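J.: Turn this into a structure:
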Amino acid sequence: MVRPVQIAALATLLMTVSLCLWRLLFIYTDWAILTLGPLAIFVFTSMWSLILEPWRARLKLELREDSTWRNWLTGHIRTFFLSSIFTLVSVTLIAWQALRVSNINAAILLCIFFVAALAFSFGQRVLSQHFNEPFARLYATSVVMWCVAIPATVCIALVSYNFSTMPGEMITADFREALKIGLMQSSSRDEWISNIVALLDGYEAVKLWMVIQMRDYPVLGWFFSLDAAIFSFFICRTGIILAQFSDARVLSHSKNYKKELFGKS
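T.: Below you'll find the model as predicted:
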């Protein structure tokens with residue numbers, strides 16, 4: 001019971017520290033992106049292991065030992081591509097939300113992150129009693145992500161639709177004015193990170209404007225809040241990925257170090 005809680009708490013701490021530094025320093029400089037470097041490395045290395053190890057296990061069963069294809073079908077290119085895409089998209093979306101989200105919404109997202117990490121730790125324990133590794137970890141990742149992300153999607157969408165604040169001028173704005181309002185929320189620095197954030201803010205403003213235009217059709221308006229589904233899946237999977245990193249790269253090494261230390265003494 002203690003180990004899963006330690007894993008989830010450490011994963012959440014890694015995320016919180018990185019995003020707090022990013023949010024604090026971005027006010028002053030685009031070089032704040034360096035604070036996201038460790039987070040990106042943690043996510044990439046864990047995704048690399050999660051993708052490559054099942055590939056190798058399946059290849060060992062499916063491919064003959066004397067096949068010359070073994071030198072080509074290493075899975076490294078596929079793993080690098082998928083790990084890079086997920087890391088780029090997830091870290092970008094989470095970092096952007098960290099700049100704009102309210103304290104209450106931040107607490108909700110961290111709770112979702114913690115629950116995903118904790119559920120994965122328990123899920124992997126259960127599945128490891130029935131599946132060999134690395135498949136227990138692979139299946140636990142998929143099952144937990146769906147089980148946590150679906151209710152998280154509903155929660156985020158409802159909060160976004162019912163409690164999002166909007167500038168008063170947005171109610172009477174046309175499309176161009178709404179886009180301008182969104183772009184003006186960002187930093188005035190003309191640097192590439194600030195410009196990316198501005199584009200995302202512009203998208204959010206346009207989405208909010210469309211919800212306002214459809215206020216007489218609440219079902220359609222609520223539909224535009226469902227992009228929260230994409231974000232909730234990324235936040236849950238990132239929580240799971242960082243839980244794997246915390247377990248394999250931090251807590252396990254710490255445990256082995258203590259054994260060596262006390263063993264020598």
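
J.: Run a quick check on residue 117 versus residue 244, I expect a contact.
T.: No. Counting by CB atoms under 8 Å, residue 117 sits too far from residue 244 to count as a contact (9.0 Å). (Glycine included, C-beta is placed from N, CA and C.)

J.: more neighbours, these two?
T.: Each of residue 117 and residue 244 has its neighbours counted (other CB atoms under 10 Å); residue 117 has more, 30 against 26.

J.: what's the next secondary structure element after whichever strand or helix holds the more buried one?
T.: Element membership for residue 117 (DSSP states H and E) is helix 103-127. Once the chain leaves helix 103-127, the next helix or strand it forms, by DSSP H and E, is helix 135-163.

J.: With adjacent residues omitted, what lies nearest to residue 139?
T.: Counting by CB to CB, 6 or more residues apart in numbering, residue 127 is the residue found nearest to residue 139 once chain neighbours are left out, at 5.4 Å.

J.: Next, find the distance separating that neighbour from residue 104.
T.: Counting by CB to CB, to the nearest Å, the gap from residue 127 to residue 104 is 34 Å.

J.: Also residue 111?
T.: Separation of residue 111 from residue 104 (CB to CB) stands at 11 Å.

J.: neighbour-wise, which of these two wins?
T.: Per other CB under 10 Å, whichever of residue 111 and residue 104 has more neighbours is residue 111, with 13 against 10.

J.: Next one: that one from residue 247, what distance?
T.: The gap separating residue 111 from residue 247 is 20 Å, by CB to CB.

J.: One more: residue 101?
T.: 27 Å.

J.: Of those two, which one has the most company?
T.: Neighbour tally, residue 101 and residue 247, criterion other CB under 10 Å: the higher count belongs to residue 247, 23 against 16.

J.: and the more buried one, what pLDDT?
T.: The model reports residue 247 with a pLDDT of 86.

J.: shouldn't it be in contact with residue 7?
T.: Yes. When contacts are counted by CB under 8 Å, residue 247 is listed as touching residue 7 (5.0 Å).

J.: list the residues that contact both of these two?
T.: residue 121 (CB atoms under 8 Å, 6 or more residues apart in numbering).

J.: can you pull out the helices in this protein?
T.: Using DSSP state H, the helices assigned to the chain run over residues 2-25, 37-62, 76-100, 103-127, 135-163, 175-184, 192-213, 218-223, 228-245, 252-264.

J.: which of the ones you listed is buried the deepest?
T.: Among the helices of the chain, ranked by average contacts under mean count of other CB atoms under 10 Å, first place goes to helix 228-245 (a mean of 24).

J.: Now do that one: which elements does it pack against?
T.: Packing partners of helix 228-245 (3 or more CB pairs under 8 Å, 6 or more residues apart in numbering; DSSP states H and E): helix 2-25, helix 37-62, helix 76-100, helix 103-127, helix 135-163.
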